[in-house]
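Colleague: After the sequence you'll find the predicted model.
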Amino acid sequence: MKDKLTVNSTLKDFSNFVRIPEHRKSVINQALSTPTKKNYVVNSNANFLHPDVQYLRVKEVIESGADERCYILVPDTAHGTGKLAFFRPGQYLSITLNIGSSVVTRPFTICSSPYDSSDKDFYMIKVKRVIHGFATNHIFNTWQKGTEIVASAPLGNFYYQPLRDYPFLIGITDNDGIPTFLSMARAIEEKSLDVNLTLFYSCREKSSAIFMEELLEIQKRTRNFKVIFVFSDEKVENYERGFITKQLIEAYAPPENYSIFIDGSSQLLKLISTQIAELNLERKAVRLNIGSQVKDIKTIPDFPVESIGKSFECKVKKDGKVIATINCPADETILVALERAGIPALSHCRVGSCGYCRARLTKGNVFIPNGVDSRKLADTKHGIIHPCVSYAMSDLTIQIN
Amino acid sequence: MDFDIIVIGAGLGGLTAAACATKEGKRVLVLEKGLAPGGSATSFTRGRFEFEASLHALCGYSKSQGVGDVRIIFDELGITEKIEWCQPKNAFRIITKSKNGERIDATLPFGIEKFINAIEEYVPNSKESLTKLFELAENSVNALNYLCSVDEKINMTFAKGLLKDYGDFVRTAPYSVNQVFKTLGIPQRAIEILSGIWCLLGVDCDRLSFTQYITLLYSYIQFGSFVPKERSNEISLALAGFIEDNRSQIRYNSPVTRIIFEKGQAKGVILKNGEKIFCDHIIANCSPTDAFSKMMKINDVPVTAVKRTNARSFGARGATIYLGLNRSASDLGIEDYTTILTETSDTSVQYNLMRTLNSNKMCIVSCLNNANPGCSPKGTCILTFTTLFTDNCWGNVEPENYFNEKDNFAKRIISFYEESTGIKISDYIEEIEIATPLTFARYINTPQGTIYGYSCDDWDSMLSRFMTEASDSDTKGLRFCGGWGTQHIGFNSAISSGRNTAFATLYDIEKSCKEGNN
Ligand SMILES: Cc1cc2nc3c(=O)[nH]c(=O)nc-3n(C[C@H](O)[C@H](O)[C@H](O)COP(=O)(O)OP(=O)(O)OC[C@H]3O[C@@H](n4cnc5c(N)ncnc54)[C@H](O)[C@@H]3O)c2cc1C
Ligand code: FES
C-alpha cells in the first residue's frame, strides 16, 4: 500500500480539516454588520459612459441648407440627465419619436466634436428632410427650442481606432455621411483626435454642399485636415469636377499606408465600390459605414419576385402572450410593420448591425438581404432575427422583447 | 400565481437552474436585464469576425455520455446533440520567468500520462512526485463526489469515516497549493510550470485552496477542454430554447430592482418598470452583494448575510482584448490554442503586479482557430487576451481618459505578447474590441466589473463554502447560483451550481407544500 500523505502531522491535518467550516464561520462572524456597500465607481462610470437613455432638450435650430437643419441638443437636467455621455466621431444617437400612435427610433450621427459634449455640454445633429419621410417631417414640423428629446447613449463602431487604423485617413462622403467627417474635422482641430484626414466630398453642385464654409475654415486652421469637393453637375473654378475615382484618390493619397473611411448614401457606396476595389487595399484599410437603409427592397436582386405585392399576417408575442396580430407587407421590414401597428419595439441602428431589435421567429419564413445579415452563427440557427432588416415571406409568429 | 420559481438573470447559472426546474415540471420565469441569454456566455460580431466573449476552456464536458458534470446535465436536458463541439489539441503553453530570471516556456498536452511525461522532459526527476500529485487529485475528486452524494453534516464522526477511503484528501484539503506542492516534493521548476493555471481561479498559490486547484487541474487534464463551434452563444441559446419550449418563460429587457420580502420570506420581485411579480421561490443569478445592498430592504437582510457579504472580497475584475487578424494563425506562427503569459512564476508577486493598471501584463491568450479551425474566414484568425485585475484600479480611471486608457492597456498587453512569443501581430489588426471592468459592469451587471465572483481565498474556498452551505442559505425563499454561488466561477461551475440550486429550490417547494398541508 502506498504511503499516506501528511502535510503537518496526521493529527493536525485531520483537526484542520474538521475546523474548515468553523474557520469560515468565525471569519464571517468577525466581519462588520454595517449595511453592505452598494455603489462602486466602476459601475457608476460605466453608467455614465453608456447610459440606457439620455434626456435632451433642443437648445437651438440652425438652417444649414435646403431641407437641412442642425439641432443643438443639451442635457435635460429636469429629467435626470446631468452630463452628456462622451462619444467618438462617427458615433450616432438613436432618437425615440412618438408620432401619432407609433413609437419609432431614428439614428443620427453626432456632427459636433467630443469637447463640445464634454466641455460645452452639447451635441449637434443634422437632419435632412426626406420628401415623403415619416420621422424627418415630424422633426421638421415639431422640434423647436425647448423640445424634449429621448436619445440613446452614443452608439456604433464606425470610428477611428489607433491600434487598428493607420493614422492617415482618407474620408469619402456625400451629404448623407458628412456629419461623421465634420465631427472628425472638428475633433482634429481641437486635438481630441490625432489623425491626418483628407476628405473627398461628393456633391451635385456647390450650392448643395453643406458645411462647406466651415470645412474650408477648419482646413485653413488645421494642417491635419484637407477637404476636396468633387462636384458632379457643375464646373467650379479650383474644385474637382466629376466623381471620386481611384485616380483622384491616388493623386492625394500619402506614400505611406492609409485607411479609407466611407460614409454616405447608398448611391455613393455603389459608385465608389469599384473604384476602391481597384486600389487593391487590404480589407482592414477600408471601413464602410452601413448607415443608410435599403430604400426599395423590391429592387434588390435577390428579393424573391413571387413575393412582390404580397402581404402576410404576423402574430406578435411579448412576455409569453400574443399581444397583437399585425399585417406585414413583404416589401416592408417587420420592424416598420410593428411600429406602424403602434407596438413599441426596440431598435437603434435599423440596418441589422446592433442587434437591439432582436426577436425570435417561432413560425414562418423571412427574407434578409445579403450584406446586412450580421447575426451571430448560433442566433441564425435558433431562429433569432433582426426585424429591422427582415421581411415577411409567409405568415409569421415572432416573439419580441 | 403563474410561476413556481422566478430566476433573476439569464447567465449560465440562471439558465441551467431554470432549465432543470422546468424539466422537473415547474413553471419558471426568468427575468433578464439584457436582450439575450447567456450573460458572459455570449459572442459578438465585428466586421467579418464573430468573437467569443468569455470562454477559453470548458471543463466537465466529455465525448462520452455520462462522463463529466456538464455532459450529464446536457444529456438530462436532451440538448447535447444541439451543440457542436471542438477540442483544442494541447492543454496550454506557459511562458513566464522563474525566480532567478530564467525564461520558462512549456507546452503541455492533455491526458494525465502525457502531461506528466511532458513535464518530465522539461524537468527531469519530477515524474514520481507528479504521479503522486495526480493520485491525490483522483482521491480528492472522488472524495468531493462522495461528499456531494451524501446528505450528512460534516462533523467529527463523519470526518473520521472519510479517513478510510479519502485520507489523503482530508489531510491536504485544509492547505494551500504551495503547502501541498512542498509536501509532495515537486521540483521547483515543475511547480513553476504547474502553478500557471492559478490565474484561472484568480488567487495566488500561497492562498489558493489546494483542493480547488487540483479539481480544476484534474478535470482539465483528464477530460480535456471543449469549445462550442458557434461560440458559447450556442450553449446559452440551447438552454434558453429548452426553457421557452417547455412552458417556462424568459423575459429580456427586464431588470429586477427589488426582491420583496414579507416576514423573512421572499414573496416576489419588482421590475424596473414598476411591475410586481409574486412568487415564493426565487433563484438569483446576480451577485448577493447587489441583492442585499440594492435589491432588498436593509431590514430584510439577515445579519449573517450582511456579515458574510462584508467579510468577502471580490474576485478578479476582467479585461479582454479581442483581435481579428488578417493573417492566418499558421502564417503568423501561432501554434497553440491557450497560452498563459505571466511576468513571474511567483504567483504572489504576480498577484500584486495585477493590482494596478500599468504593472499588469498577465494574460491568457487564445487563438480560437487552433481549436475551431473554421471560426474565421480563410487567411485570418482570432486572438483573445484575457487579463485579470486583482484590485479596483479601473475605478481610478477618470471617464474622460477612459477611451485612451483602454487603448494604452491594449497596446501594453499586445507588445508584451509580441516580446514574449516573438510573434508580430500589431500590423495585422483588422478588428479590435477592448472590454474592461466597465464593460463587464455594463453587460453582466457585476460590482466593480468582477468576473470571478467572490474571491476564493483560503477561508472562502469552494470546499469551505460547500461545507457551510446550509448556514449560507439564510434568506428564506431566495437562493443564489452561478459564479457568485458556492461553486465559484467557470462555465462548468455555473452550470452545475444552476442544477444544484434548482434541486435545492425544488426541495424547498416540496417542503413548503407539506407545511401548507399541515
Ligand atoms: C472574459 C472572461 C473569460 C472567461 N473564461 C472562462 C473560461 O475559459 N472557462 C470557464 O469555465 N469560465 C470562464 N469565465 C467565467 C464564466 O464565464 C463565468 O463564471 C460564468 O459564465 C458565470 O455564469 P453566471 O451564471 O454567474 O452568470 P453571468 O454570466 O454573470 O450572468 C448573470 C446574468 O444576470 C443578469 N442580471 C444581473 N443582475 C440582474 C438584475 N438585477 N435583473 C435581471 N438580470 C440581471 C445579467 O445581465 C447576466 O445576464 C470567463 C469569464 C469572462 C468574463
Ligand atoms: S436595430 Fe440594430 S439590428 Fe435592428
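Modeller: Now that the structure is in, tell me what you want to look at. Quantities reported herein were computed from a predicted structural model and do not represent experimental measurements. Ligands and ions are numbered 1, 2, ... in the order given.

Colleague: Buried ones in the helix or strand encompassing B:Ile277, by neighbour count?
Modeller: Counting by DSSP states H and E, the secondary-structure element that holds B:Ile277 is strand B:276-278. Within strand B:276-278, the residues scored as buried using 16 or more other C-beta atoms under 10 Å in any protein chain shown are B:Ile277. C-beta here means a position set from N, CA and C on the backbone, and glycine is covered the same way.

Colleague: how far does that strand sit from the chain's center?
Modeller: 31 Å (C-alpha atoms, centre = their mean, to the nearest Å).

Colleague: Can you point out the buried residues in the helix or strand hosting B:Glu128?
Modeller: Element membership for B:Glu128, per DSSP H and E: helix B:127-149. Within helix B:127-149, the residues scored as buried using 16+ other C-beta under 10 Å are B:129-130, B:132-134, B:136-137, B:139-141, B:143-144, B:147.

Colleague: packing partners for the following helix or strand past that helix?
Modeller: Using DSSP H and E, the helix or strand that follows helix B:127-149 towards the C-terminus is helix B:156-172. Using 3 or more C-beta pairs under 8 Å, 6 or more residues apart in numbering or on different chains; DSSP states H and E as the contact test, the elements touching helix B:156-172 are helix A:10-18, helix B:127-149, helix B:210-223.

Colleague: hang on, the earlier thing: identify the residues contacting the next helix or strand after the strand holding B:Ile277?
Modeller: As assigned by DSSP H and E, the chain's next helix or strand after strand B:276-278 is strand B:282-284. Defining contact as C-beta atoms under 8 Å, 6 or more residues apart in numbering or on different chains, one finds that strand B:282-284 is touched by B:5-9, B:14, B:17-18, B:259, B:266, B:268-269, B:291, B:477-481, B:501-502, B:505.

Colleague: What strands line up against strand B:282-284, and which way round?
Modeller: Its sheet considered, strand B:282-284 pairs with strand B:5-8 (parallel), strand B:478-480 (parallel) by DSSP bridges.

Colleague: So which of those strands is the most surrounded?
Modeller: When you average the neighbours per residue for each of the strands paired with strand B:282-284 (mean count of other C-beta atoms under 10 Å in any protein chain shown), strand B:5-8 leads with a mean of 28.

Colleague: mean confidence score for the next helix or strand after that strand?
Modeller: Next helix or strand after strand B:5-8 toward the C-terminus (DSSP H and E): helix B:12-23. Looking at helix B:12-23 alone, the average pLDDT works out to 98.

Colleague: and if you look at stretch B:76-90?
Modeller: When the per-residue pLDDT values of stretch B:76-90 are averaged, the result is 95.

Colleague: Can I get the helix holding B:Glu128 in CSV? Just the C-alpha atoms.
Modeller: Once side chains and other backbone atoms are set aside, the C-alpha atoms of helix B:127-149 remain, and they are given as CSV (Å, rounded to 0.1, in the frame of the first residue of the first chain):
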residue,chain,number,x,y,z
LYS,B,127,7.7,12.2,-12.6
GLU,B,128,7.4,10.5,-9.3
SER,B,129,6.1,13.4,-7.4
LEU,B,130,3.7,14.3,-10.2
THR,B,131,2.3,10.8,-10.3
LYS,B,132,1.6,11.2,-6.6
LEU,B,133,0.0,14.6,-7.3
PHE,B,134,-2.4,13.0,-9.8
GLU,B,135,-3.2,10.1,-7.4
LEU,B,136,-4.1,12.7,-4.8
ALA,B,137,-6.1,14.5,-7.5
GLU,B,138,-8.2,11.5,-8.2
ASN,B,139,-8.6,10.8,-4.5
SER,B,140,-9.8,14.4,-4.0
VAL,B,141,-12.2,14.4,-6.9
ASN,B,142,-13.7,11.1,-5.7
ALA,B,143,-14.0,12.5,-2.2
LEU,B,144,-15.8,15.6,-3.4
ASN,B,145,-18.2,13.5,-5.5
TYR,B,146,-18.9,11.4,-2.4
LEU,B,147,-19.5,14.4,-0.3
CYS,B,148,-22.0,15.7,-2.8
SER,B,149,-23.8,12.4,-2.8
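
Colleague: tilt between it and helix B:156-172?
Modeller: Comparing the axes of helix B:127-149 and helix B:156-172 via axes from the mean of the first three to the mean of the last three C-alpha atoms, to 10 degrees yields an angle of 150 degrees.

Colleague: So which other helices or strands are in contact with helix B:127-149?
Modeller: Using 3+ C-beta pairs under 8 Å, 6+ apart as the contact criterion, the elements in contact with helix B:127-149 are helix B:112-122, helix B:156-172, helix B:177-184, helix B:210-223.

Colleague: next structured bit after the shortest one?
Modeller: Using DSSP H and E, the helix or strand that follows helix B:177-184 towards the C-terminus is helix B:188-194.

Colleague: do the last one as well
Modeller: Using DSSP H and E, the next helix or strand after helix B:210-223 towards the C-terminus is strand B:227-228.

Colleague: what's that following strand packed up against?
Modeller: Contacting strand B:227-228 under the criterion 3+ C-beta pairs under 8 Å, 6+ apart are the following elements: strand B:85-86.

Colleague: Quick check on A:Phe134: phi, psi?
Modeller: Dihedral angles phi and psi of A:Phe134 (degrees, to the nearest 10) take the values phi -100, psi -60.

Colleague: In contact with the closest residue to it other than its chain neighbours, which residues are there?
Modeller: For A:Phe134, ignoring the flanking residues on the chain, the nearest one in space by C-beta to C-beta, 6 or more residues apart in numbering or on different chains is A:Ile99 at 6.7 Å. If a contact means C-beta under 8 Å, 6+ apart, then A:Ile99 has A:Phe134, A:Ala135, A:His138 as its contacts.

Colleague: Can you name the residues that contact the second one?
Modeller: Shown here is A:Ala135, whose contacts under the criterion C-beta under 8 Å, 6+ apart are A:Leu97, A:Ile99, A:Val104, A:Arg106.

Colleague: Now the second one, what are its backbone angles?
Modeller: A:Ile99 adopts backbone torsions of phi -120, psi 110, taken as degrees, to the nearest 10.

Colleague: Tell me the buried residues in the one helix or strand in chain B whose mean pLDDT sits lowest?
Modeller: Among the helices and strands of chain B, helix B:469-472 carries the lowest confidence by mean pLDDT, DSSP states H and E, at a mean of 89. Along helix B:469-472, these residues count as buried under the neighbour rule (16+ other C-beta under 10 Å): B:Asp472.

Colleague: cool, and stretch B:22-32?
Modeller: Residues of stretch B:22-32 classed as buried under the neighbour-count rule (16+ other C-beta under 10 Å) are B:Thr22, B:Lys23, B:Lys26, B:Arg27, B:Val28, B:Leu29, B:Val30, B:Leu31, B:Glu32.

Colleague: wait, which of these is closest to A:Phe87?
Modeller: Taking C-beta to C-beta as the measure, A:Phe87 lies nearest B:Glu32 of the buried residues of stretch B:22-32, at 27.2 Å.

Colleague: Surely that closest one and B:Arg251 touch.
Modeller: Yes. Taking contacts as C-beta atoms under 8 Å, B:Glu32 lies within contact range of B:Arg251: 6.9 Å.

Colleague: From ligand 2, how far off is A:Asn29?
Modeller: From A:Asn29 across to ligand 2, the span is 51 Å (C-beta to the nearest ligand atom, to the nearest Å).
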